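[1] What follows is a predicted structure for the sequence shown.
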Amino acid sequence: MKKKRVVIALGGNALGKDIEEQKEAVAKTAKVIVDLVQQGMDLIITHGNGPQVGMIQNAMDQLACSYENYKETPLPTCVAMSQGYIGIDLQNAIKYELYNRNMDVKVSTILSQVEVDKEDEAFKNPTKEEARKNQENGIPCMEDAGRGYRIVVASPMPKKIRELKTIKTLVDAGHIVITCGGGGIPVVNDNGKLSGVNGVIDNDNASSLLGEELGADYLIILTAVEKVAINFGKENQEWL
């Protein structure tokens, strides 16, 4: 019988606020993931990076401010950094849980670029990205449902996952694949040359595209929120 193929999208806020919390969170998440593997499912794991990429961007900005020989780090580069450090924690936690259950299943983390349209309306009407506490410096921000402030940057729609063939090859070979972290590193294609752009791709949109391209049977979205709500974080919030 053909295995069910499942994309699991982990919310960035569900991974904790710092490295220690993240390791605790992924250890718990790994148990659920391996439970699904034991049920005979092929798994592709994606994750958000809101708090994490904000911490990285803050650190790199402070480095550039403190030492004149360092330049500012572009947001796409910070997304790539977040993919690496979140991915390795997830990968190691899943491998350890597999080891405890005597299961020989390979786990791979794939740094992934997601192509967007440089003419996307989002670049003209930007939405939000994880906050840095420097709104007073003139950086446009917006309040985020009672969770603080976020820098306003573009959130373009994903068009193409550049590493899709690699991901598919590994999934077909039975690997648990961790990919499209933070919605993917946003890039535009200029006659074959990929260049990062200042934007944040919504992880749910990227996960949906990934699931469609891989022919997934299910898309599961895990967050730090108890359940789905309308008017989230507002006085008229209502659980569904």
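    Perfect, I can see it now.
[2] And for the closest residue to F123 other than its chain neighbours, the neighbour number?
    Nearest non-adjacent residue to F123, counting by Cβ to Cβ, 6 or more residues apart in numbering: A154, 4.5 Å away. For every residue, glycine as well, the C-beta is placed using N, CA and C. Counted with other Cβ atoms under 10 Å, residues neighbouring A154 total 21.
[3] Then G182?
    Neighbour tally, G182, other Cβ under 10 Å: 30.
[4] Spit out the contact partners of the nearest residue to it once chain neighbours are set aside.
    Distances taken as Cβ to Cβ, 6+ apart place N49 nearest to G182, at 3.4 Å, with adjacent residues excluded. If you count contacts by Cβ atoms under 8 Å, 6 or more residues apart in numbering, N49 has them with G12, V79, S82, Q83, I86, E130, G181, G182, G183, N203.
[5] Single out whichever of those has the smallest pLDDT.
    Ranked by pLDDT, these bottom out at E130 (40).
[6] re earlier: what's opposite the residue nearest to F123 in the beta bridge?
    Under the criterion DSSP bridges, A154 forms beta bridges with G199.
[7] Can you show me the helices along this structure?
    19-38, 50-66, 75-100, 164-172, 203-214 (DSSP state H).
[8] buried set for the fourth one?
    In other words, helix 164-172. Across helix 164-172, burial judged by 16 or more other Cβ atoms under 10 Å covers L164, I167, K168, L170, V171.
[9] Make TSV out of those and add pLDDT and distance to E213.
    Below are the buried residues of helix 164-172 laid out as TSV (pLDDT from 0 to 100; distance: Cβ to Cβ, whole Å):
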residue	pLDDT	distance to E213
L164	97	6
I167	98	9
K168	97	8
L170	97	14
V171	97	11
